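Novice: Please find the sequence and the predicted model below.
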Amino acid sequence: MAPKRPHVAVVGGGIGGLAVAIGLHRQGIEVVVHEQARELAPHQGAGIAIGANGHRALRDLGVAARLTAAAVEPVRADFRHWRTGRSMVTHTLTGMYEERFKAPFWTVERAAVQQALLAELGADRVRLGARCTEVAQTGAGAVLRFADGSETEADAVVGADGIHSAVRDSVFGPDEAVFSGTSGYRALVPMDRLGHIPELAERVLWLWLGPGRHFIAYPVADGAALNLLAVVPDTEWTIESWSTEGDGADLLAAFDGWHPFVTEILAACERPGRWALYDREPRRTWSAGRVTLLGDAAHAMLPHHGQGANQSLEDAVVLAHLLGRAGADEVATALRSYEQLRRPRTRLLQAGSRKNATCFQLPDGAEARARNERLTRLPDDLAWIHGHDALGPLRSAPTPV
């Protein structure tokens with residue numbers, strides 16, 4: 001008799017939560033996503049970069065094809081000097097990147113990714129308005145309790161509920177987010193507002209580096225909009241919320257003296273979002289018994305490697321494949337294997353994302369020139385990130401956990 005398949009509860013309906021649910025469903029596992037929002041409204045003004053490593057995960061989930069029409073494949077990454085506009089380092093992306101890493105580099109709206117995942121999973125597998133407040137383990141499973149007084153049981157629980165994870169706090173106890181002393185402004189600007197900037201006609205990943213701040217912009221929505229991220233120092237702004245608005249005048253003032261390419265884009269922003277940038281110290285463990293963590297709940301990182309969503313996708317496919325091999329009584333072993341495979345890599349990316357914050361914001365001088373020299377080797381230096389196949393270790397060891 002085949003072992004009983006586990007029933008899995010996923011807490012959190014973001015990219016990681018929906019992705020792992022798809023992976024589990026494709027493995028024939030019963031899964032329900034519990035999401036506290038009453039509707040899966042997309043984050044406004046947010047784009048993400050999907051590297052080859054994330055793209056491979058989307059292909060494994062059967063979702064990549066759903067995003068082809070909305071995604072943009074930038075022709076190059078262009079690092080510019082904050083004041084002069086001089087191109088300091090350029091790397092070709094179209095063709096060369098995919099040839100090297102066996103998948104394309106995409107820029108896409110976060111909302112498009114979330115909607116593609118939801119369409120693949122099916123809305124009937126998502127329970128909205130379900131704010132998880134506690135997870136308690138029993139001898140044979142786990143009980144999830146919700147703010148409305150309801151409860152549900154599962155053989156395994158995946159906490160994919162973000163940096164302020166209720167699952168993590170319930171199982172492991174509270175810990176504190178680490179404030180970077182910086183905040184990020186985000187916005188999506190329609191390209192028809194930016195027609196006076198001729199360089200934007202070309203689909204480029206722009207990275208403008210300057211003293212104490214930096215600016216990143218790239219096209220999304222098949223080129224119909226420009227996504228921007230502007231990172232500025234501010235120890236007073238400590239609000240970490242995707243829905244908080246910043247002041248457009250403050251944003252423009254923060255980049256006073258920068259090249260007109262940057263300031264004209266910033267001047268076209270309407271109601272930019274602003275959120276304080278936090279991460280967490282790497283955890284010693286993500287899993288306890290039948291409960292594990294995924295994505296930001298496990299390894300929140302600053303956005304300076306562009307890998308947050310990609311790492312959630314890697315987590316999702318690895319965890320789904322491991323649970324797909326496990327019976328209901330083998331869940332704890334599968335979760336330990338997942339953590340052992342994923343934790344070393346994400347620890348390195350957490351550390352690297354912190355380091356890049358300083359690297360991107362050096363003042364002009366010898367350190368900045370040395371950084372620019374290092375940037376010429378970027379494809380080689382980032383090969384361990386973008387060339388990674390999250391499922392590679394499992395393909396080479398197909399036996400059950």
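Specialist: Arrived safely.

Novice: How about P74, nearest residue that isn't a chain neighbour?
Specialist: In space, not counting the residues next to it along the chain, P74 is nearest to L205; the distance is 4.4 Å by Cβ to Cβ, 6 or more residues apart in numbering. (Glycine included, C-beta is placed from N, CA and C.)

Novice: A strand includes that neighbour, no?
Specialist: Yes - using DSSP: H, G, I helix; E, B strand; the rest coil, the assignment for L205 is a strand.

Novice: Could you measure from it over to R354?
Specialist: Using Cβ to Cβ, to the nearest Å, L205 is found at 21 Å from R354.

Novice: got it, and F261?
Specialist: 28 Å.

Novice: now do T238
Specialist: According to Cβ to Cβ, T238 stands 18 Å off from R354.

Novice: which one of these two has more residues nearby?
Specialist: For T238 versus R354, the count of surrounding residues by other Cβ atoms under 10 Å is larger for R354: 17 against 13.

Novice: So the more buried one: helix, strand or coil?
Specialist: Following three-state DSSP, R354 is assigned to helix.

Novice: mind listing the strands in the stretch 201-350 of the chain by residue range?
Specialist: Assignment of strands within the stretch 201-350 of the chain using DSSP state E, counting those that start in this stretch yields the ranges 204-210, 213-220, 225-233, 273-279, 291-293.

Novice: Distance to V317 added to those, as JSON lines?
Specialist: Shown next, in JSON lines, are the strands of the stretch 201-350 of the chain (distance: least, Cβ to Cβ, whole Å):
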{"stretch": "strand 204-210", "distance to V317": "25"}
{"stretch": "strand 213-220", "distance to V317": "24"}
{"stretch": "strand 225-233", "distance to V317": "25"}
{"stretch": "strand 273-279", "distance to V317": "23"}
{"stretch": "strand 291-293", "distance to V317": "14"}
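
Novice: show me where pLDDT drops low in the stretch 101-250 of the chain?
Specialist: Scanning the stretch 101-250 of the chain for pLDDT under 70 picks out the ranges 239-243.

Novice: Please apply the same query to the stretch 251-400 of the chain.
Specialist: Residue ranges of the stretch 251-400 of the chain with pLDDT under 70: 396-400.

Novice: 90 - rerun?
Specialist: Applying pLDDT under 90 to the stretch 251-400 of the chain picks out residues 270-271, 274-276, 278-281, 327-329, 357, 393-400.

Novice: how about the nearest residue to the spatially most central residue of the chain, chain neighbours excluded?
Specialist: The residue lying closest to the centre of the chain (Cα atoms, centre = their mean) is A309, at 2.0 Å. Nearest in space to A309, with sequence neighbours left out and distances taken as Cβ to Cβ, 6+ apart, is I48 at 4.8 Å.

Novice: in what helix or strand does the one you found lie?
Specialist: Using DSSP states H and E, I48 falls within strand 47-50.
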